[in-house]
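Undergrad: Structure, please.
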Amino acid sequence: MKHFKILSSAVLVASLVALAGCEGDNGATGAAGAPGAQGPQGPGGSDGSDGSNALVAQTELPVGDANCPAGGIQVDSGTDANGNGQLDTAEVTTTGYVCAPGRTQLSANELRTNVNNAWFAQGESVIARARGNVQTDAPARGRAKNVILFVGDGMGVSTVTAARILEGQRAGKLGEEHQLSFDQFPYAGLAKTYNVDAQTPDSAGTMTAMMTGVKTDVGVIGVDEDIERGDCSTVAGNELVTALELAEIAGKSTGILSTARITHATPAATYAKSADRNWEDISDMPGQAVTDGCEDIASQLVNFEANLEARYAGLDVDGIEVVMGGGRRHFLPNDPAANSPDAVSGTEGDRNDGRNLVTEWTTAYPGGVYVFDEAGFDAVDADSTERLFGLFNESHMQYEADRGNDVAGEPSLTDMTRKAIDILDNNDDGFFLMVESGRIDHGHHAGNAYNALNDTIEFAAAVQAAADATDPEETLIIVTADHGHVFTIAGYPKRGNPILGKVVDVGATDATLASDGMPYTTLGYMNGFGFRDLGGETDADAIYGFAPVSGRADLSSIDTTAPGFHQEALVPLGSETHSGEDVGLYASGPGANLVRGTNEQNIVFHVMDFAGDYVNAANDALN
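TA: Residues are numbered from 1 along each chain as shown. Prediction:
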């Protein structure tokens, strides 16, 4: 039988095995013999034999013992049956334990190595902030007066990581410990990016999911998966309502910004319905689609107000207040007379229907301002401007690193974000704004990490500008991507190694050599154009003048941190591809607490709808 007893550690002392023996008592006196008849008295009885010794043994138990985890003493007792003066195992009849009490906490002295470490302190501060967020960030539906959706096109997880390191290193840090603006948002999660019909997605399907709450096929905009891509006749009845449209119906001001063409897939998914993302202007459409009555994307933007009102009887909206991006060619007729002052092509416009959509817009909105260059942009007075339309390039706007080479100059994404908010917040009922950094994606397609990361850093600056310009108590800001790219961070470079540089191992000073005897870069691509050294070239698209390269190159004398360096790729392709990986979701403000875990990408719409109560507000306006 085992007996357990817990005593204070004060009563426990280290002890050796102790033996305690007792002598046997004298035997009892024998009874007197019965008297014989007339005989002599009988003799006295003999003494009884000695009894066996009773023994007790105490054994100290170490910390970690199965019976006393915190240590203690085992007490065995029994009789010395064989008389050898020791309590043998077979002689033990009872075993008991006196255990030390378990410890419930470590002493400050034992934790001092952890507590005094900066990493430990940083982790404690993050937990403290998170606990505060959980207690305060659970608002009622409709608390967000304003909603801003930031989309870094192609900004996968590896892109965020590498851009974070690059921005940190430019600031004089080692880099890895740095945080981009949205890294500091209190809530984050992941979004699964696949399209209904595609494992690896495109921007049309992914942005439609985010703007409507409905996943759809690759290559189509603002319509569900029942559409047949390229077939105009399948559009009717499959149109989806977007968050921007709901905000417009609810009386909010609305805005769209992009460094890509404003008719490109991501911005187009906020306002257009199209069987094909490539129908940016009428010249891009097949004749049958035009005959069947489908409208090109640029025309849908200019006619947004009229189209929305035609869809709902009795509706009266005032249209999108702010639109800025590239893509002038889709708004201008194919006539040199319609060229902008900074046109770089002999004939800037592509439209073959003779329409000048810029002129149509200025006619429809005489109180609005149209700008095409940085000077015009800078001259806009946000307080007195009710509507702004900016088209800063024939095609996409410049990469951030290449903006200085623009013919007439153009604003940065941060500049456009500030200006848009300054105009949109003139509406006391609030606003909805979508901001896209489209050229992150293009830098990756060109296999040029420098421009992809540089534009990601500018994107993060725009996010910070938005956070600074709005009230966090009434503005939901979501930052995410539509998809990622086959962009990797590889090797075992030491801490602080230039993220755009060659791999240098921990403890080494020279570039690490691969099995082929040549150095290799930390950043690379699974597929694409492959290696090309264009030196100081800041336009990543210059690569399209060359053929794809397969195989390795000797980078020993190459400056891989230069803007014009294009990373090696395993599979040669005429353009690097998207990836099918999840992308990050980052959120702050009312409703941000709903962003957590791994989600289908269409959850973005539902978070925005909860925060802004868009569906209910739009229904109330219609009724």
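
Undergrad: which stretches of the stretch 351-500 of the chain form strands?
TA: 369-371, 388-391, 431-437, 475-480, 484-485, 487-489 (DSSP state E, counting those that start in this stretch).

Undergrad: Let me know the average pLDDT across the fourth one.
TA: What it means is strand 475-480. Regarding strand 475-480, the rounded mean pLDDT is 98.

Undergrad: Determine the set of other helices and strands touching that strand.
TA: strand 146-152, helix 449-469, strand 583-588, helix 603-612 (3 or more C-beta pairs under 8 Å, 6 or more residues apart in numbering; DSSP states H and E). Placement of C-beta: from N, CA and C, glycine included.

Undergrad: try it again with 6 Å
TA: strand 146-152, strand 583-588 (3 or more C-beta pairs under 6 Å, 6 or more residues apart in numbering; DSSP states H and E).

Undergrad: mind saving the C-alpha coords of the longest one as CSV?
TA: Extracted C-alpha coordinates of strand 146-152, given in CSV (Å, rounded to 0.1, in the frame of the first residue of the first chain):
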residue,chain,number,x,y,z
ASN,A,146,-15.4,55.4,-44.4
VAL,A,147,-13.9,52.3,-46.0
ILE,A,148,-10.6,52.2,-47.9
LEU,A,149,-9.5,49.1,-49.7
PHE,A,150,-5.8,48.9,-50.6
VAL,A,151,-4.9,46.3,-53.2
GLY,A,152,-1.2,45.6,-53.9
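
Undergrad: Give me the neighbour count for Arg103.
TA: 11 (other C-beta atoms under 10 Å).

Undergrad: hmm, I was thinking of Thr104
TA: For Thr104, using other C-beta under 10 Å, the count is 5.

Undergrad: how about TSV for the helices and strands packed on strand 475-480, with mean neighbour count and mean pLDDT added?
TA: Output for the helices and strands packed on strand 475-480, formatted as TSV (neighbours: other C-beta atoms under 10 Å; pLDDT from 0 to 100):
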stretch	mean neighbour count	mean pLDDT
strand 146-152	27	98
strand 583-588	25	98
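
Undergrad: Turn the ones you listed into CSV, including distance to Asp335.
TA: Putting those into CSV (distance: least, C-beta to C-beta, whole Å) gives the following:
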stretch, distance to Asp335
strand 146-152, 34
strand 583-588, 42
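
Undergrad: of the strands of the stretch 351-500 of the chain, which approaches Asp276 most closely?
TA: strand 431-437 (19.6 Å; C-beta to C-beta).

Undergrad: list the helices and strands the host helix or strand of Gln74 packs on?
TA: Using DSSP states H and E, Gln74 falls within strand 72-79. In terms of contacts (3+ C-beta pairs under 6 Å, 6+ apart), strand 72-79 is packed against strand 54-61, strand 92-99.

Undergrad: closest one to Val407 among those strands?
TA: strand 92-99 (84.3 Å).

Undergrad: next SSE after that closest one?
TA: With DSSP H and E, the next secondary element past strand 92-99 is helix 108-115.

Undergrad: Now that following helix: buried residues?
TA: Within helix 108-115, no residue qualifies as buried by neighbour count (16 or more other C-beta atoms under 10 Å).

Undergrad: Could you list the residues in contact with the helix or strand just after that helix?
TA: Where DSSP H and E defines the elements, the next helix or strand beyond helix 108-115 is helix 118-136. When contacts are defined by C-beta atoms under 6 Å, 6 or more residues apart in numbering, helix 118-136 is touched by residues Asn114, Pro186.

Undergrad: Centre of the chain to helix 118-136, how far?
TA: Centroid displacement of helix 118-136 relative to its chain, using C-alpha atoms, centre = their mean, to the nearest Å, is 19 Å.

Undergrad: And stretch 282-289, by the same measure?
TA: Distance of stretch 282-289 from the chain centroid (C-alpha atoms, centre = their mean) equals 39 Å.

Undergrad: pull the CA atoms of that stretch into PDB?
TA: C-alpha atoms of stretch 282-289 as PDB (Å, rounded to 0.1, in the frame of the first residue of the first chain):
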ATOM      1  CA  ILE A 282     -14.300  49.200 -78.200                       C
ATOM      2  CA  SER A 283     -11.400  48.500 -80.500                       C
ATOM      3  CA  ASP A 284     -10.500  45.500 -78.200                       C
ATOM      4  CA  MET A 285     -13.900  43.900 -78.600                       C
ATOM      5  CA  PRO A 286     -15.000  41.400 -81.200                       C
ATOM      6  CA  GLY A 287     -17.600  42.600 -83.600                       C
ATOM      7  CA  GLN A 288     -20.200  40.300 -82.300                       C
ATOM      8  CA  ALA A 289     -19.900  41.600 -78.800                       C
END
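
Undergrad: neighbours of Pro563, just the number please.
TA: Pro563 - counted by other C-beta under 10 Å - has 20 other residues nearby.

Undergrad: Kindly report the same for Gly438.
TA: 29.

Undergrad: what's the distance between the closest residue in space to it that isn't next to it in sequence and Asp455?
TA: Of all residues not flanking Gly438 in the chain, Ala260 sits nearest, at 2.7 Å (C-beta to C-beta, 6 or more residues apart in numbering). Distance from Ala260 to Asp455, counting by C-beta to C-beta, to the nearest Å: 11 Å.

Undergrad: Please identify which of the two sits among more neighbours.
TA: Higher neighbour count among Ala260 and Asp455: Asp455, with 30 against 26, using other C-beta under 10 Å.

Undergrad: For that one, give me its contacts.
TA: Asp455 neighbours (C-beta under 6 Å, 6+ apart): Glu400, Ser437, Arg439, Ile440.

Undergrad: measure the first one to Glu537 for me?
TA: Okay, so that is Glu400. 14 Å.

Undergrad: the more surrounded of these two?
TA: Neighbours were counted for Glu400 and for Glu537 using other C-beta under 10 Å; Glu400 has more, 24 against 21.

Undergrad: Now do the spatially closest residue to Ser345 that is not a sequence neighbour against Asp350, distance only.
TA: Once flanking residues are discounted, Ser345 sits nearest to Glu394: 6.1 Å by C-beta to C-beta, 6+ apart. As for Glu394, its distance to Asp350 is 9 Å (criterion: C-beta to C-beta).

Undergrad: List the buried residues for stretch 192-208?
TA: Quick answer for stretch 192-208 (16+ other C-beta under 10 Å): 192-196, 198, 200-208.

Undergrad: and what of stretch 69-82?
TA: Neighbour-count burial for stretch 69-82 flags Ala70, Gly71, Gly72, Ile73, Gln74, Val75, Asp76, Ser77, Gly78, Asp80 (criterion: 16+ other C-beta under 10 Å).

Undergrad: Then stretch 90-99?
TA: Buried residues in stretch 90-99 (16+ other C-beta under 10 Å): Glu91, Thr95, Tyr97, Val98, Cys99.
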